[in-house]
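Peer 1: heads up, no residue letters with this:
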């Protein structure tokens, strides 16, 4: 998944045109146009679908990666969501409340049927499952591997804590274990792990503290609620200038050592092994994606 740039994925209530206009001006890597939880009351869901289509047809989201968050398979709204929104300009869908791989397999086949019916190449629309329950955390690898459409998984901490009947403490310690399990499960399956939203959107100091933990755990991006969070989110999930320079130097020296038959290069007294070379290559790929603005 080295050709994807998923640092910031911002939720946008799709029935609210003021927020849709604001989202169009943001530099979020992905816009999660919501048709699910933030779209209330119930009759606003069709308004949300119609609004998404209006903005897509008007090319308002040109060069944006668009993943509507649809309703789950038990809602009675999923078929309407997917049949209406499988159009050019939509890259894929965020699927909520996935509890097991079976949910994603079902969603994959629903998309396949609609693609076939509409004459769209099968596999066009990608999936980002949202991990929101204790069951989903325990089944994370199964969810990741249930469909080749899955490009990333994202953690929904508030629904998770409710399902767990736990408490989201101020230090976020209750989230640490599921965050670690989700990141490991995603990496083991070769998909991108996306961290949970930061609910205290005006507390940027706490956001930065969480981003440090998130980066250490292996997450590659974060769900975002407010555009003001994006600069800090992008800062932490982007390589620094020094990291890019070090990566270039490492690969250059490793290549030189190989040409000279030495086999192993040394920088600052440290051997440059295969894991370090692999990490350096990933750093330069991500830097290239950022410079080109490339995504899905």
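Peer 2: Yes, it's here. Everything numeric in this text was worked out from a predicted model, so none of it was measured.
Peer 1: Check whether the spatially most central residue of the chain sits in a helix, strand or coil.
Peer 2: Computing the C-alpha centroid of the chain and ranking residues by Cα atoms, centre = their mean puts residue 194 first, at 4.6 Å. What DSSP: H, G, I helix; E, B strand; the rest coil gives for residue 194 is strand.
Peer 1: per-residue confidence for the closest residue to it other than its chain neighbours?
Peer 2: Counting by Cβ to Cβ, 6 or more residues apart in numbering, the nearest residue to residue 194 once its immediate chain neighbours are dropped is residue 154, at 3.9 Å. (C-beta placed from N, C-alpha, C; glycine too.) Residue 154 carries a pLDDT value of 96.
Peer 1: any idea how far residue 154 lies from residue 67?
Peer 2: With the distance defined as Cβ to Cβ, to the nearest Å, residue 154 ends up 10 Å from residue 67.
Peer 1: Mind listing the shared neighbours of these two?
Peer 2: Jointly contacting residue 154 and residue 67 under the rule Cβ atoms under 8 Å, 6 or more residues apart in numbering are 9, 94, 128.
Peer 1: Just the buried ones from those, in PyMOL syntax?
Peer 2: To isolate the buried members of those in PyMOL, using 16 or more other Cβ atoms under 10 Å:
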select buried, resi 9+94+128
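Peer 1: ok so, going back, and residue 154 and residue 67? Which one has more around it.
Peer 2: residue 154 (28 against 25; other Cβ atoms under 10 Å).
Peer 1: Hmm, that one is touching residue 131, no?
Peer 2: Yes: in this structure, residue 154 is within contact of residue 131 by Cβ atoms under 8 Å, at 6.8 Å.
Peer 1: which residues in the stretch 101-250 of the chain form strands?
Peer 2: For the stretch 101-250 of the chain, strands defined by DSSP state E, counting those that start in this stretch occupy the ranges 126-131, 152-155, 192-195, 221-224.
Peer 1: could those strands go into a markdown table alongside distance to residue 245?
Peer 2: Formatted as a markdown table, the strands of the stretch 101-250 of the chain follow (distance: least, Cβ to Cβ, whole Å):
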| stretch | distance to residue 245 |
| --- | --- |
| strand 126-131 | 33 |
| strand 152-155 | 28 |
| strand 192-195 | 25 |
| strand 221-224 | 23 |
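Peer 1: Would you confirm that residue 10 belongs to a helix?
Peer 2: No: with three-state DSSP as the criterion, residue 10 is located in strand rather than a helix.
Peer 1: heads up, I number from 23, so please use that
Peer 2: With 23 as the first residue, the last one maps to residue 32.
Peer 1: residues near it, how many?
Peer 2: 24.
Peer 1: From residue 171, how far off is it?
Peer 2: 21 Å.
Peer 1: ok, now residue 183?
Peer 2: Residue 183 sits 28 Å away from residue 171, going by Cβ to Cβ.
Peer 1: any low-confidence regions in the stretch 23-172 of the chain?
Peer 2: 23-24 (pLDDT under 70).
Peer 1: no, scratch that, I was asking about the stretch 173-318 of the chain
Peer 2: Along the stretch 173-318 of the chain, segments meeting pLDDT under 70 span 190-194, 196, 279-295, 315-318.
Peer 1: Run through the helices of it in chain order.
Peer 2: Counting by DSSP state H, counting those that start in this stretch, the stretch 173-318 of the chain has helices at residues 179-186, 198-211, 226-239, 252-258, 263-281, 296-314.
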